[in-house]
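J.: sequence plus the predicted model coming up.
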Amino acid sequence: MISGLVVSSMDRRIAALLALSVLFLTALTLLFPADSPAIDFDQVVAAAFDQAIGEVQISESDISSLTISEQELLPVFPEVEGSNLEKREFRLPADFEGEANLVFIAFRRPQQIEVETWLPFAKELVESHQGLRFYQLPTISIRGGMARYFINEGMRRGIPEQKAREVTITLYLEKEPFLQALDIPDEDSIHILLVGKEGRIHWRAEGSMTESSAAGLERAVARRLEVASRQASYELADFSLGAPGGFE
């Protein structure tokens, strides 16, 4: 197992920035008496701390290269329930089956056109990466049982291929908390997420596939599966060392 004492590059950046903030505050204290009306020291402290933290916020372009400890800061896919078009029930993200899971979230039927721009490339990635799976999540506001039946039956008739029905999981839910949890501002286009087995979101994009977004996804998938493989090796080695008859 990886030791919890390993210091990540982000930890070092935070420590350095906070140290600089302390030096800055010390200089202000020497230059301006504590009773000076020109300086509100509580505001200075708050501003310095916000600046330090703001400097190390994770941008989307950095996600694929984060260390394992930095990945613990990534957002988590919210817990939701749904059924695929073969009537199998899922509790997500726990029931995502891959080490890395490519998730297409759509809100309106015409947005399937955007999803289709990704599917050939997604299928190629799944074929070339054993630990990758992909899912389509049509996301619909809560409906009664009869309405759900007609919607689901309509989608089943529209998707004749069984494998495609198996990876299409319809979510009937309250959209606002779901969108907030995923930091999705509106429903104007599809959103594409790469979700790890642990439920954390390691990469994201929006709308139709572009050359740039495809390249970013390919890098993120390779990185995620590389890290997952390394973690599995550490766990196997740790188990072997602790097993009866193993190394002391």
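T.: Thanks, I have it.
J.: and the helices in this structure?
T.: With DSSP state H as the criterion, the chain has helices at 9-31, 41-54, 68-71, 112-128, 145-158, 162-166, 175-181, 211-242.
J.: the nearest residue to residue 75 once chain neighbours are set aside: neighbour count?
T.: Spatial nearest neighbour of residue 75, excluding adjacent residues (CB to CB, 6 or more residues apart in numbering): residue 201 at 5.1 Å. For the C-beta atoms, the positions are set from N, CA and C on the backbone; glycine is no exception. Using other CB atoms under 10 Å, residue 201 is surrounded by 19 other residues.
J.: ditto for the one 10 residues further on
T.: As a burial measure, the neighbour count of residue 211 was computed by other CB under 10 Å and equals 7.
J.: on that earlier part again, mean pLDDT lowest for which of the helices of the chain?
T.: Lowest mean pLDDT of the helices of the chain: helix 41-54, a mean of 41.
J.: which residues touch the top strand by length along the chain?
T.: Looking across the chain with DSSP state E, the single longest strand is strand 132-141. Under the criterion CB atoms under 8 Å, 6 or more residues apart in numbering, residues 82, 96-107, 115, 122-123, 125-126, 151, 155, 164, 167-175, 178, 221, 225 lie in contact with strand 132-141.
J.: and residue 217, how far from residue 145?
T.: Separation of residue 217 from residue 145 (CB to CB, to the nearest Å) stands at 37 Å.
J.: can you give me the domain assignment for this protein?
T.: 9-57, 80-235 (automatic domain parsing).
J.: need these in CSV with distance to residue 74, can you?
T.: Output for these, formatted as CSV (distance: least, CB to CB, whole Å):
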stretch, distance to residue 74
domain 9-57, 12
domain 80-235, 4
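J.: most tightly packed of the ones you listed?
T.: Most buried of these by mean neighbour count (mean count of other CB atoms under 10 Å) is domain 80-235; its value is a mean of 16.
J.: any idea how far apart the tips of stretch 76-95 sit?
T.: Using CA to CA, to the nearest Å, the end-to-end distance of stretch 76-95 comes out at 14 Å.
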